[in-house]
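In: fold the following, please.
(chains A and B)
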2 protein chains.
Amino acid sequence: MIVKRLAVTGVGLIGGSFALALREAGAVGSIIGIDSDTSNLEQALSLGIIDEIATDARSAVSDADVVFISVPSCSISSVVRDIATALAPGCIVTDGGSVKASIVRECDALIPAGCSFIGGHPIAGTEHSGAAAAFAGLFKGRRCVLTPGAETNASALRTVSRLWSAAGAEVCCMEAEHHDRIFAEISHLPHAVAYALVHAVGTADVEGENVLSYSAGGFKDFTRIASSDPVMWRDIALMNRDALLASIDGFSASLAELRKRIDCGDQTGLTEFFTTAKLFRDGIV
Amino acid sequence: MIVKRLAVTGVGLIGGSFALALREAGAVGSIIGIDSDTSNLEQALSLGIIDEIATDARSAVSDADVVFISVPSCSISSVVRDIATALAPGCIVTDGGSVKASIVRECDALIPAGCSFIGGHPIAGTEHSGAAAAFAGLFKGRRCVLTPGAETNASALRTVSRLWSAAGAEVCCMEAEHHDRIFAEISHLPHAVAYALVHAVGTADVEGENVLSYSAGGFKDFTRIASSDPVMWRDIALMNRDALLASIDGFSASLAELRKRIDCGDQTGLTEFFTTAKLFRDGIV
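Out: Alright, predicted model coming up:
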């Protein structure tokens, strides 16, 4: 057993799967669930994800060794603000938000002395949400990034790292700003591009024709991520603004280069551009 | 039976499926296959896709009522150039290329008087290729665009249209230039964007880190089309250059608008942008 008492705030796909995986690994004693959606909590209880439903967040965390916050990125620091003064000495708070620098900065400032905040980001998910979608194997073989700072308590970091390993994830540590630059490229930029593409094609005026009615499988696959939650992506875009703007500029430069080669009829340059991209893509396992 | 003798040039996924679908519908008498890849032709024969292997393209088309050309878009007009003077009077030549205006212009000029060229583009495909990948149901319920011009022989158009209907497709007719503007938006632009995105992310320098190693399911789905054949997409980009450049510019304007809203921290504007795109995407059946 790694920790006796775990509190999970937000018992959805990520929070619920974390609880299930740790329970299956025998890594936690008891788990209390906190969620603004009561019926989701009742479902989590009946599915055996949690042992207990919290009636109040502050009392729920007061005897927890670790609090895992798995709510939308933009709400994480306000959850920490609410519970900070109710935490037991030595309590470790960690999160699963997909943006890290701003969350870590805000939460570090809120966490009382003697407690620790460790930023985390498990690279896992499905298109489903809620406790009913949770399953113990969600993190198996997936990366979980932790973003300790210079002041981070080493023992708290080790505990969070052991929990994610027990949940099946491969843990890696990096600076929060480094994380945000990587995920601006590999996740936030593709979402921005997908939304912009669907926006452009959807509003394109080709003699009044509904261009989207000609879409085939490729377009559907390519634009699936533009069906993601607009509010969540608004918040991620704003929380990781600087890194995302830099990524958009890098992409725009690539597209401008491609446009130039098409415009010039540069056969060799186009083959080279497409082949380079294909090799990168094929290299993704 | 719609035609007695069909010649298929390029017996791959599209050509082979067209042959199989027409055979299943009882729409053709006999089918002769022409292909630069002899082993592919032998496979097509043994799979019952064709009745006969052509030893020579010109003699193969000399007694055909319809010739279906299903080779890469950039090679279609050179195939027509090779066979034009061998066609029987009244023969109808049609193709399956994904770019239309330049093909129709070139082929119309090559086709002898008394014969007809009808541009076509079946909106169907899979990630597989070759005769072995062909199946009779490929076109079922999918659109097939035909692009007759002002001079097109009405009876020849009717024959090609009946063949595609017999193969299960929903036929629609439009001008070749209109087709190219629509497919610049819905197909060629997404490929250009996918290649540019993978190029940008693959070459992004985030402190020497291999950013692509952090990709999850979303990125893989989003960029699958960047694994397409570079040479094919080079040719499509160049054959539909003007329409594609206009589509790239429209997309760049959408992305610039999104970038501005992120840069300004425009919450309402971002929610509106993402929601509009999501509604377009969700509207695709």
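In: strands of chain A, start to end?
Out: For chain A, the strands defined by DSSP state E occupy A:3-9, A:28-34, A:52-53, A:66-69, A:92-95, A:116-118, A:120-122, A:143-146, A:170-173.
In: break chain A down into its structural domains.
Out: A:3-174, A:178-282 (automatic domain parsing).
In: same list, those, but as TSV with mean neighbour count please.
Out: Every C-beta, even on glycine, is put in place using the N, C-alpha and C of the backbone. Output for those, formatted as TSV (neighbours: other CB atoms under 10 Å in any protein chain shown):
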stretch	mean neighbour count
domain A:3-174	20
domain A:178-282	20
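In: out of those domains, flag the one nearest chain B.
Out: domain A:178-282 (3.4 Å; CB to the nearest CB).
In: so residue A:204 touches residue B:183, yeah?
Out: No - contact criterion CB atoms under 8 Å: residue A:204 and residue B:183 do not qualify, at 11.6 Å.
In: near chain B, which residues of the stretch 1-150 of chain A show up?
Out: A:123-125, A:142-143 (CB under 8 Å from any CB of the partner chain).
In: need the max-distance pair from those residues.
Out: A:125 and A:143 (12.3 Å; CB to CB).
In: pLDDT weak spots in the stretch 101-250 of chain A?
Out: Residues of the stretch 101-250 of chain A meeting the criterion pLDDT under 70: none.
In: if you set the cut-off to 80 instead, what comes out?
Out: A:127, A:217 (pLDDT under 80).
In: where along it do the helices fall?
Out: Per DSSP state H, counting those that start in this stretch, the stretch 101-250 of chain A carries helices over the ranges A:101-110, A:154-166, A:176-183, A:189-203, A:217-223, A:230-239, A:241-264.
In: wait, which of those is closest to residue B:90?
Out: For the helices of the stretch 101-250 of chain A, the distance to residue B:90 is smallest for helix A:217-223, at 37.0 Å, taking CB to CB.
In: what's the closest one packed up against?
Out: Under the contact criterion of 3 or more CB pairs under 8 Å, 6 or more residues apart in numbering or on different chains; DSSP states H and E, helix A:217-223 touches helix A:189-203, helix B:189-203, helix B:217-223.
In: angle of the second one against helix B:241-263?
Out: Note on geometry: by axes from the mean of the first three to the mean of the last three CA atoms, to 10 degrees, helix B:189-203 and helix B:241-263 are set 60 degrees apart in direction.
In: ditto for the first one
Out: When the same axes, to 10 degrees is applied, the directions of helix A:189-203 and helix B:241-263 differ by 120 degrees.
In: and the angle from helix A:189-203 to helix A:230-239?
Out: Going by the same axes, to 10 degrees, helix A:189-203 makes 130 degrees with helix A:230-239.
In: what angle do helix A:189-203 and helix A:176-183 make?
Out: Per the same axes, to 10 degrees, the angle that helix A:189-203 makes with helix A:176-183 is 40 degrees.
In: isn't residue A:261 up against residue A:270?
Out: Yes - the pair residue A:261 / residue A:270 is scored as a contact, 4.9 Å apart, by CB under 8 Å.
In: returning to what we had before: in TSV: the residues of the stretch 1-150 of chain A next to chain B, plus distance to residue B:13.
Out: Output for those, formatted as TSV (distance: CB to CB, whole Å):
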residue	distance to residue B:13
A:123	35
A:124	35
A:125	33
A:142	35
A:143	37
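In: for these, which one is nearest residue B:251?
Out: Nearest to residue B:251 among those is residue A:125, at 26.9 Å by CB to CB.
In: list phi and psi for that closest one.
Out: Here is the backbone geometry of residue A:125 (degrees, to the nearest 10): phi 170, psi 170.
In: residues touching the residue lying closest to it once chain neighbours are set aside, list them.
Out: In this structure, residue A:125 finds its nearest non-sequential neighbour in residue A:13, 6.6 Å apart by CB to CB, 6 or more residues apart in numbering or on different chains. Each residue near residue A:13 by CB atoms under 8 Å, 6 or more residues apart in numbering or on different chains is listed here: A:125-126, A:128-130, A:133-134, A:138.
In: picking that back up, between the helices of the stretch 101-250 of chain A, which one is nearest to residue B:210?
Out: Nearest of the helices of the stretch 101-250 of chain A (CB to CB): helix A:176-183, 9.5 Å.
In: which residues does that closest one contact?
Out: Contact partners of helix A:176-183, identified using CB under 8 Å, 6+ apart, comprise A:98-101, A:103-105, A:119, A:121, A:145, A:147, A:149, A:174, A:240, A:243, A:246-247, B:206-207, B:209, B:211, B:214.
In: that one vs helix A:101-110, what angle?
Out: Using the same axes, to 10 degrees: helix A:176-183 against helix A:101-110 is 160 degrees.
In: kind regards, and thank you for your time.
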